[in-house]
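A.B. asks: heads up, no residue letters with this:
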């Protein structure tokens, strides 16, 4: 079959159009790809800056909470010990040798207790150092502080936790989440028992905090403006790529579960 000149011209014309359009599509694709790549890089930078801002804010909150604990301890415990020491010393009558020696011994015991409490306060002030030793150490020390009040029965399970230097930034935010949840328990729950379970696996870190307090209706609390900080807890967990879940029944206590994936 013979091909006409018209067909040849049509074929040449179609081929020319394809060769003209193909580079145009290629250029448009490259431009679109570069825009998406640039937008992705900008979004990634925004997320990085957002995380760093949140980390800085969290560090400041940890320090603020630490200073509040120190102030409370100075006022409620060490101040009382020093007052008792002063009263004991000023009540000494040197003419009553036996009683005087007894009071001196008592004052010495009070002074030793005061020194011990001050050493613990010094440890507390080094919050960053506690975190560097691992979330387990920081939480354990905070619970030890809470246990001293005699108000709560404390249970802390952390059998399989090991320090991972790569997780320090995550641990700071997790520690602040722990502090915030414990503060909610102290302020609102009227609990007598607090249980904390810190787990670590190849997938990441899990933190569970339970109390036997008043409990609440979750949907109602989530509608409130502050919501006991529930939205903040969820947002911070999400920033670490994780999730915070709340289980609570009025009159039956509250359970907070936080799961954070491991950094690559």
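C.D. replies: Alright, I've got the coordinates. Predicted, not measured: the structure shown is a model, and the values here were computed from it.
A.B. asks: Helix, strand, or coil at residue 250?
C.D. replies: Put simply, residue 250 is coil when judged by DSSP: H, G, I helix; E, B strand; the rest coil.
A.B. asks: any idea how far it lies from residue 213?
C.D. replies: Residue 250 sits 10 Å away from residue 213, going by Cβ to Cβ, to the nearest Å. Any C-beta I mention is one placed from the backbone N, CA and C, and that applies to glycine too.
A.B. asks: where do the strands sit along the stretch 151-264 of the chain?
C.D. replies: For the stretch 151-264 of the chain, applying DSSP state E, counting those that start in this stretch gives strands covering 153-157, 193-200, 204-211, 243-248, 254-261.
A.B. asks: next one: the fourth one to chain centre, how far?
C.D. replies: Same thing as strand 243-248. Between the centre of strand 243-248 and the centre of its chain there are 15 Å (Cα atoms, centre = their mean, to the nearest Å).
A.B. asks: do the first one as well
C.D. replies: For strand 153-157, the separation from the chain centroid amounts to 18 Å (computed by Cα atoms, centre = their mean).
A.B. asks: what separates stretch 207-223 from the chain centre, distance-wise?
C.D. replies: 18 Å.
A.B. asks: Going forward, the N-terminal residue is numbered 47.
C.D. replies: In the new count, where the first residue is 47, that last one comes out as stretch 253-269.
A.B. asks: Give the buried residues for it.
C.D. replies: 253-259, 261-262, 264, 267 (16 or more other Cβ atoms under 10 Å).
A.B. asks: Then stretch 152-161?
C.D. replies: 152-153, 156, 160.
A.B. asks: Out of those residues, which sit inside helices?
C.D. replies: Among the buried residues of stretch 152-161, DSSP state H puts 152-153, 156, 160 in helices.
A.B. asks: farthest-separated two in those?
C.D. replies: Maximum pairwise distance in those, criterion Cβ to Cβ, is 12.7 Å, between 152 and 160.
A.B. asks: would you turn the buried residues of stretch 152-161 into CSV with distance to residue 236?
C.D. replies: What follows is the buried residues of stretch 152-161, written out as CSV (distance: Cβ to Cβ, whole Å):
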residue, distance to residue 236
152, 36
153, 38
156, 33
160, 31
